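# Return atomic coordinates for the entry below.
(chains A and B)
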There are 2 protein chains.
Amino acid sequence: MAILEDDLIERIRRRVPSSVGGALQLGIGDDAAVLRPRGGEWVLTCDQFLENVHFLIDVHTPDSVGYKALARATSDIVAMGARPRIFLLSLALPAERTGRWLDDMLRGLSRAARRFGLRLAGGDTARSAGRPGPLALNLMVLGEVERGRAIGRAGARPGDAIFVTGRLGGAQLGLEIVLRRMYRRREFRRLLRPHFYPSLAVDLGVWLSHERLASAMMDLSDGLSTDLARLCRASKVGARLSETDIPAVVVPPSLQKLGLQQLSLALHGGEDYGLLFTVPRRLAPRIPRVFRGTSITRIGEVVAGREVRLVSEDGHAPRLIPRGWDHFRAAFSFSGRARTGA
Amino acid sequence: MAILEDDLIERIRRRVPSSVGGALQLGIGDDAAVLRPRGGEWVLTCDQFLENVHFLIDVHTPDSVGYKALARATSDIVAMGARPRIFLLSLALPAERTGRWLDDMLRGLSRAARRFGLRLAGGDTARSAGRPGPLALNLMVLGEVERGRAIGRAGARPGDAIFVTGRLGGAQLGLEIVLRRMYRRREFRRLLRPHFYPSLAVDLGVWLSHERLASAMMDLSDGLSTDLARLCRASKVGARLSETDIPAVVVPPSLQKLGLQQLSLALHGGEDYGLLFTVPRRLAPRIPRVFRGTSITRIGEVVAGREVRLVSEDGHAPRLIPRGWDHFRAAFSFSGRARTGA
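This next block holds a predicted model:
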């Protein structure tokens, strides 16, 4: 007699990179996976990707749901300077999504797994209640880092240079287009990509760790203003950013007219999944402008005290208030909230 | 300005065992946790605990939700013969549950963590959408096992003796009382315990691994008939069980009258979280009847072929069909389904 849940797990196993090898001694099909360490340290994190909170089933393609769910979770591993290795997937699925939707989602998930160098080692499936129940993915990711080289948030010191990767606010711009239901318009298609398929600076993170260049690092998940405040709090420092140096997303004039401002998106927009890191002043010249396709921009410096200030061209330096993403402040993620602006 | 999600994480950190030490180099508060291995192997698993699927918010106390969510996930680690060490918690919470409910849930979670020897190393919080949104816990657990000693499902060989721990069907009996809305009746209170607070045979699993006594092992999560079928499939063997040897839960006559049969509960009832393991015949005499408070019963033997048969006192030996728990076969977990009987 067929056991349907086991069949589902077997379908996932066939579609997602999941062979044993390397550190992975035992993978899908047992009670738990078995890892044999090879001298380094393990870095681990987990991240939820929930229908109606992080994605909308009628807007976000199943391919992008699978890709982004894994990219978001892996971003935390990259942000420690570790190389992604293994992941587990928990899936709560309504019965309506166990067919074609699931296959398409697994395709996106597999592409992300191959791109980031990850293998699926196990997981859990459950039917979500409700008609149809909300879909939920939970990704647990493990990475490997050289012993003692993981880069935390607490190491920034006054005088360190502050860097970010990529253009900031691009994912938020894509989300704003989605929230305004303009996502089917051809001229905006390219602008959706950072929201649907975030890219990760895996090799840069590993290089910064190996070369011991970064004093602190984290990923930009909730917006620069919120994430930098967290880094500063953990390091017990402040920061001064140069407004003209912030690498903001380019917003087409038609969208600027709707109130989407480049600087506001760049400062407060979430989900870019680039890296935010600090480098001791004497080492800062070693940071290139581009590393294996990832652009890097110096945006300011760490200072004593606890305040983060944004220095504008005219010399004003107001405090930068965290206005990024916060689940428990936001009314509802996708219900017409203006996360930027104001 | 307060960041509410960070405050929530800080509340969790204060209430749940989460200090760094041992293998845990870096815990809550950074992008990811850092583990330094100590020569053994790591075993990892994840498990979901979902409102309206695995628990009902008006029936299951928050304390039991926290305890059971962690016990279920940890059970997979115990089933590999590993010692539980570290866990991550993903939490999707409606705003209505961030107060007292959360504190009570964390108390149960903490008690389970202390009992099983676990420390919280990180996690993820999100607000669940809907009014009120469904609550979801996702637990990722890591354990440590001596190198090469993890016990999988695939090692059972014909002639091996088959053992189980505890009394089977007790958790299902508790669930049936809940489904029949009789859970407030004083005379049944004691019978609810295995459903609300499953106990795990942590020390027995580690001992079986250390002494190399078990050829295969798994936990009893979905019912003996389903789980033994899985073990046999993984090991490419069959099994013969002795009906009179099955350590079935004792069902009071008043509940037997409602159709709750002891043997049926024991064969098909889920969520006991005891151990099912096989031992080569020559080593079987080394297995005690009780190990540190956990009762152990020999229930049959592994045979060649692929069939599982249940031998009754009169010599009949019908095939044992898997009738345990399956998310994707069940209409809805808590909607009046009779999982046992039939």
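
# So is stretch A:73-93 next to chain B?
Yes: Stretch A:73-93 comes into contact with chain B (CB under 8 Å from any CB of the partner chain), by way of A:75-77, A:79-80, A:82, A:86, A:88, A:90, A:92. Bear in mind the C-beta positions are built from the backbone N, C-alpha and C, glycine included.

# Would you format the residues you listed as JSON lines with neighbour count, secondary structure and pLDDT included?
Listed next are the residues of stretch A:73-93 next to chain B as JSON lines, based on neighbours: other CB atoms under 10 Å in any protein chain shown; DSSP: H, G, I helix; E, B strand; the rest coil; pLDDT from 0 to 100:
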{"residue": "A:75", "neighbour count": "31", "secondary structure": "helix", "pLDDT": "98"}
{"residue": "A:76", "neighbour count": "28", "secondary structure": "helix", "pLDDT": "96"}
{"residue": "A:77", "neighbour count": "32", "secondary structure": "helix", "pLDDT": "97"}
{"residue": "A:79", "neighbour count": "32", "secondary structure": "coil", "pLDDT": "97"}
{"residue": "A:80", "neighbour count": "28", "secondary structure": "coil", "pLDDT": "97"}
{"residue": "A:82", "neighbour count": "32", "secondary structure": "coil", "pLDDT": "97"}
{"residue": "A:86", "neighbour count": "27", "secondary structure": "strand", "pLDDT": "94"}
{"residue": "A:88", "neighbour count": "26", "secondary structure": "strand", "pLDDT": "95"}
{"residue": "A:90", "neighbour count": "25", "secondary structure": "strand", "pLDDT": "95"}
{"residue": "A:92", "neighbour count": "27", "secondary structure": "strand", "pLDDT": "93"}
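
# quick one, strands of the stretch 51-200 of chain A?
Assigned by DSSP state E, counting those that start in this stretch, the strands in the stretch 51-200 of chain A fall at A:83-93, A:119-127, A:136-145, A:161-165.

# Kindly compare burial across those strands and name the winner.
strand A:136-145 (a mean of 28; mean count of other CB atoms under 10 Å in any protein chain shown).

# Partner strands of that strand, with direction?
strand A:41-50 (antiparallel), strand A:83-93 (antiparallel) (DSSP bridges).

# and these as TSV, adding distance to residue B:102?
Shown next, in TSV, are the strands paired with strand A:136-145 (distance: least, CB to CB, whole Å):
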stretch	distance to residue B:102
strand A:41-50	16
strand A:83-93	20
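
# quick one: contacts of stretch A:142-152?
Stretch A:142-152 has contacts (CB atoms under 8 Å, 6 or more residues apart in numbering or on different chains) with A:23, A:35, A:38-44, A:74, A:77-87, A:205, A:208-210, A:212, A:214-217, A:234, A:277, B:25-26, B:30-32, B:34, B:36, B:44.

# Just the buried residues of the residues you listed.
Neighbour-count burial (16 or more other CB atoms under 10 Å in any protein chain shown) applied to these gives A:23, A:35, A:40-44, A:74, A:77-87, A:205, A:208-209, A:214-217, A:234, A:277, B:25-26, B:30-32, B:34, B:36, B:44.

# The helix or strand bottoming out on mean pLDDT in chain A relative to strand A:119-127, how many degrees between them?
Across the helices and strands of chain A, mean confidence by mean pLDDT, DSSP states H and E is lowest for helix A:4-15: a mean of 84. In terms of direction (axes from the mean of the first three to the mean of the last three CA atoms, to 10 degrees), helix A:4-15 departs from strand A:119-127 by 150 degrees.

# Output the below-cut-off pLDDT ranges for the stretch 51-200 of chain A.
The model of the stretch 51-200 of chain A has pLDDT under 70 over residues A:130-132.

# circling back: so which of the strands of the stretch 51-200 of chain A is nearest residue B:230?
strand A:119-127 (14.3 Å; CB to CB).

# For the stretch 101-250 of chain A, which residue gets nearest to chain B?
residue A:129 (3.6 Å; CB to the nearest CB).

# Go ahead and confirm that residue touches residue B:53.
Yes: the pair residue A:129 / residue B:53 is scored as a contact, 4.8 Å apart, by CB atoms under 8 Å.

# Can you tell me how far residue A:299 is from residue B:109?
Residue A:299 sits 40 Å away from residue B:109, going by CB to CB, to the nearest Å.

# Compare the two (neighbour count), which wins?
A direct count of neighbours by other CB atoms under 10 Å in any protein chain shown for residue A:299 and residue B:109 places residue B:109 higher, at 30 against 23.

# Now for that one: which residues touch it?
B:16, B:66-67, B:69-70, B:89.

# For the residues you listed, work out which two are farthest apart.
B:67 and B:89 (13.1 Å).

# which stretches of the stretch 201-342 of chain A form helices?
A:202-210, A:224-235, A:253-256, A:262-268 (DSSP state H, counting those that start in this stretch).

# Identify the residues contacting the second one?
For helix A:224-235, the external contacting residues (CB under 8 Å, 6+ apart) are A:152-157, A:162, A:164, A:168, A:216, A:218-221, A:238-239, A:241, A:246, A:266-268, A:270, A:276, A:278, A:302, A:306, A:308, A:320-326, B:3, B:6, B:29-30.

# Spell out which residues of the stretch 51-200 of chain A are next to chain B.
So far as CB under 8 Å from any CB goes, the stretch 51-200 of chain A lies against chain B at A:51-54, A:75-77, A:79-80, A:82, A:86, A:88, A:90, A:92, A:95, A:98, A:121-130, A:133-134, A:136, A:138, A:140, A:142-143, A:145, A:147, A:150, A:152-154.

# again, only this time at 6 Å
Residues of the stretch 51-200 of chain A found near chain B (CB under 6 Å from any CB of the partner chain) are A:52-53, A:76-77, A:79-80, A:88, A:90, A:92, A:124, A:126-127, A:129, A:138, A:140, A:150, A:152-153.

# With residue B:287 as the reference, name the closest of the strands paired with strand A:136-145.
With CB to CB as the measure, strand A:83-93 is the member of the strands paired with strand A:136-145 nearest residue B:287 (31.9 Å).

# Please state the offset of that closest one from the chain centre?
Mean-position distance between strand A:83-93 and its chain equals 15 Å (CA atoms, centre = their mean, to the nearest Å).

# Repeat that for stretch A:207-220.
Mean C-alpha position of stretch A:207-220 versus that of the full chain (CA atoms, centre = their mean) differs by 16 Å.

# just the CA coordinates of it, formatted as PDB?
Output of stretch A:207-220 as PDB, limited to C-alpha atoms (Å, rounded to 0.1, in the frame of the first residue of the first chain):
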ATOM      1  CA  TRP A 207      36.900  35.700   0.500                       C
ATOM      2  CA  LEU A 208      36.300  38.300   3.200                       C
ATOM      3  CA  SER A 209      36.400  35.500   5.800                       C
ATOM      4  CA  HIS A 210      39.400  33.700   4.400                       C
ATOM      5  CA  GLU A 211      41.400  37.000   4.200                       C
ATOM      6  CA  ARG A 212      40.200  38.200   7.600                       C
ATOM      7  CA  LEU A 213      39.300  41.600   6.000                       C
ATOM      8  CA  ALA A 214      35.900  42.200   7.600                       C
ATOM      9  CA  SER A 215      35.500  43.200  11.300                       C
ATOM     10  CA  ALA A 216      31.700  42.800  11.200                       C
ATOM     11  CA  MET A 217      29.200  41.600   8.600                       C
ATOM     12  CA  MET A 218      25.500  40.900   8.100                       C
ATOM     13  CA  ASP A 219      23.100  40.700   5.200                       C
ATOM     14  CA  LEU A 220      20.700  43.400   4.100                       C
END
